[in-house]
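S.K.: sequence unknown, structure follows:
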């Protein structure tokens with residue numbers, strides 16, 4: 001069974017940057033799309049970014065466009081989320097997820113993802 005392990009979360013001041021990473025076990029990482037979700041206290045989990053199997057297509061939630069960048073390194077079985085210009089409202093637990101397919105019809109739908117990591121906390125102070 002595939003395992004996903006996130007890292008890189010932490011505490012950062014507003015306006016700062018963080019990069020979170022997700023390492024995926026197994027030999028099939030390069031075959032599937034990947035995504036990042038987040039869940040803030042008292043709120044539902046939401047999709048914020050996704051990337052197709054080869055990085056050729058990326059998708060972003062409007063509120064993070066221009067500030068966050070998703071990328072992947074298939075040789076390292078790793079997907080990244082670079083977060084710049086962080087805001088207090090970005091505070092959440094961030095989860096990576098593996099897609100069902102190589103790309104997405106609707107990357108905002110959790111139905112398109114099959115495996116999830118345990119999450120990493122990102123806290124942005126004002």
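M.R.: That came in fine, so what should we check first? Please read all numbers here as calculations on a predicted model, not as lab measurements.

S.K.: what's the pLDDT at the closest residue to residue 6 other than its chain neighbours?
M.R.: For residue 6, ignoring the flanking residues on the chain, the nearest one in space by Cβ to Cβ, 6 or more residues apart in numbering is residue 120 at 4.1 Å. No exception for glycine: its C-beta is placed from N, CA and C like everyone else's. Residue 120 is assigned 98 on the pLDDT scale.

S.K.: quick one, what contacts residue 120?
M.R.: By Cβ atoms under 8 Å, 6 or more residues apart in numbering, the contact set of residue 120 is 6, 7, 8, 9, 20, 93, 94.

S.K.: can you tell me which helix or strand residue 42 belongs to?
M.R.: Following DSSP states H and E, there is no helix or strand that holds residue 42.

S.K.: how close does it get to residue 51?
M.R.: Separation of residue 42 from residue 51 (Cβ to Cβ, to the nearest Å): 28 Å.

S.K.: which of those two has more residues huddled nearby?
M.R.: Neighbours per residue, other Cβ atoms under 10 Å: of residue 42 and residue 51, the larger number sits with residue 51, 26 against 5.

S.K.: quick check: the residue nearest to residue 100 when sequence neighbours are not counted vs residue 51, distance?
M.R.: Leaving aside its sequence neighbours, residue 100 sits nearest to residue 114 (Cβ to Cβ, 6+ apart; 5.2 Å). According to Cβ to Cβ, residue 114 stands 16 Å off from residue 51.

S.K.: go on, residue 68?
M.R.: Look at residue 68 and residue 51: by Cβ to Cβ, they are 12 Å apart.

S.K.: try residue 67
M.R.: Distance, residue 67 to residue 51, by Cβ to Cβ: 16 Å.

S.K.: please apply the same query to residue 79.
M.R.: Distance from residue 79 to residue 51, by Cβ to Cβ: 7 Å.

S.K.: any residues in contact with both of the two?
M.R.: Counting by Cβ under 8 Å, 6+ apart, the residues touching both residue 79 and residue 51 are 34, 70, 71, 72.

S.K.: in this protein, which residue is closest to the centre?
M.R.: residue 36 (2.1 Å; Cα atoms, centre = their mean).

S.K.: hang on, that one in a helix?
M.R.: No: applying DSSP: H, G, I helix; E, B strand; the rest coil, one finds residue 36 to be strand, outside a helix.
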